[in-house]
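[1] take this sequence and fold it.
(one chain, ligands or ions: 1)
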Amino acid sequence: MTIRVSGDGSAGSAAHELQLLVDEMHANYASVTDGEVATYIPELATANPDHFGVCIVTASGHVFAAGDCDVPFTIQSVSKPFTFGMALEEFGHERVWQHVDVEPSGDAFNSIELRNGTNRPHNPMINSGAITVTALLHQHHGAATFDHVLACFSAAAGRQLSFDRAVYESERRTGHRNRAIAHLLLNFGLVAEDVEAALDVYFRQCAILVTCRDLATMGATLANMGRNPITDDGVFDVRCVKDMLSIMFTCGMYDYSGQWAYRVGVPAKSGVGGGVMAVVNRQIGIATYSPKLDAHGNSRRGIEVCVDLASRLGLHAFDCLNVGSSFLGGMLAEGSTTRVR
Ligand code: DON
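    So this is what the prediction gives:
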């Protein structure tokens, strides 16, 4: 298919190729109905399994949305690259790295283990690493930590976000595995004594409510070198964005990260709330929302949509026909002829 964009290529234009594409993704993958809604946090079980949204926000601030893109859900693990970025920005690479490594674990997101040799969490995308990162922020900001996190996420999303108290309380009540991880971290001196307070911030951070549109905008903020492309708000330093995207590329999809890199080839992060956020550097943020998960804890439809989008738009970082690295510049230029496969 040859893309021709006339006029300003603005969002909402029925003729825009990206709008047609997200509409098609939504129509094609609504038929994927396997997978299970997460129940280990009891309140997550109340999610509507049919909800399905697909959204692309470009690094120039255009929005293309299909399906349930304004339904709020909890961000869960998609919060992890953002708190990691905050810690990098505030404490620097070296100090953060003294607490958490940057190696894929190949294990489940909630595994209770530290890395042999270093006794640090493998990476900041799994629960042990993310709790460590939040505890670092908590050591510095104390009682103000959650407000600080919420303000940063809100800036990345371009609107004031809030959190879901019922989901937060549900995880706080039942999150014994995370509590075990936190105490393991305390045993190795990776977090401070008030580990319960840090864990409380982690549970709240995971319960921040976003929509599929918000997640795509947060992804576009990373794609746009840390600057929200809609509000023009500078959220992350460009050097931290590089670190955030690197760790999302190698570790963002847990023990599916290798297959994801192979099949999709762009940095991404999933959450058990059903969100997936992917980033195409300097081009677009992609988000999907569908709460039925596979055995790794990744959204079933989210994976399928991203595999298809990456193939159709040529997004894979190592595709030698990689139109993805330049497709948008061509696409938004008047009369351009960028190819979608
Ligand atoms: O800590 C937990 O288990 C959840 N609050 C977040 C886990 C999560 O989202 C894993 N994602 N696929």
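
[2] and what about A155, helix, strand or coil?
    For A155, the assignment made with DSSP: H, G, I helix; E, B strand; the rest coil gives helix.

[3] next, the contact list for P291, please.
    Listed by Cβ atoms under 8 Å, 6 or more residues apart in numbering, the contact partners of P291 are 37-38, 44, 47-49, 51, 73, 273-274, 299. C-betas here are computed from N, CA, C, even on glycine.

[4] try it again with 7 Å
    By Cβ atoms under 7 Å, 6 or more residues apart in numbering, P291 lies in contact with 37, 47, 49, 51, 73, 273-274.

[5] same question for F91.
    Contacts of F91 (Cβ under 7 Å, 6+ apart): L136.

[6] do the same with R263
    Counting by Cβ under 7 Å, 6+ apart, the residues that R263 touches are V307.

[7] around the residue lying closest to R165 once chain neighbours are set aside, how many other residues sit close by?
    Of all residues beyond its chain neighbours, the one nearest R165 is A207 (7.5 Å), with distances taken as Cβ to Cβ, 6 or more residues apart in numbering. Neighbour count for A207, taken as other Cβ atoms under 10 Å: 26.

[8] kindly report the same for A192.
    Neighbours around A192, by other Cβ under 10 Å: 14.

[9] phi, psi of it?
    Main-chain torsions, A192, degrees, to the nearest 10: phi -80, psi 170.

[10] show me which of the contacts of P291 is closest to L88.
    The nearest member of the contacts of P291 to L88, counting by Cβ to Cβ, is G273 at 24.2 Å.

[11] which bits of the stretch 151-300 of the chain sit near the ligand?
    Contacts of the stretch 151-300 of the chain with the ligand, taken as Cβ under 6 Å from any ligand atom, map to 171, 178, 206, 270-272, 297.

[12] switch to 5 Å and redo it
    Within reach of the ligand by Cβ under 5 Å from any ligand atom, the stretch 151-300 of the chain has these residues: 206, 270-272, 297.

[13] looking at the residues you listed, which are in helices?
    C206 (DSSP state H).

[14] and the least confident of the residues of the stretch 151-300 of the chain next to the ligand?
    For those, the weakest pLDDT value sits at G297, with 93.

[15] might you report the residue contacts of that residue?
    109, 254, 270, 272.

[16] go with 8 Å
    38, 77, 108-109, 254, 270, 272.

[17] take those and write them to TSV, including neighbour count and secondary structure.
    Conversion of those to TSV gives the following (neighbours: other Cβ atoms under 10 Å; DSSP: H, G, I helix; E, B strand; the rest coil):
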residue	neighbour count	secondary structure
A38	20	coil
S77	24	helix
A108	15	coil
F109	24	coil
Y254	24	helix
S270	30	strand
V272	24	coil
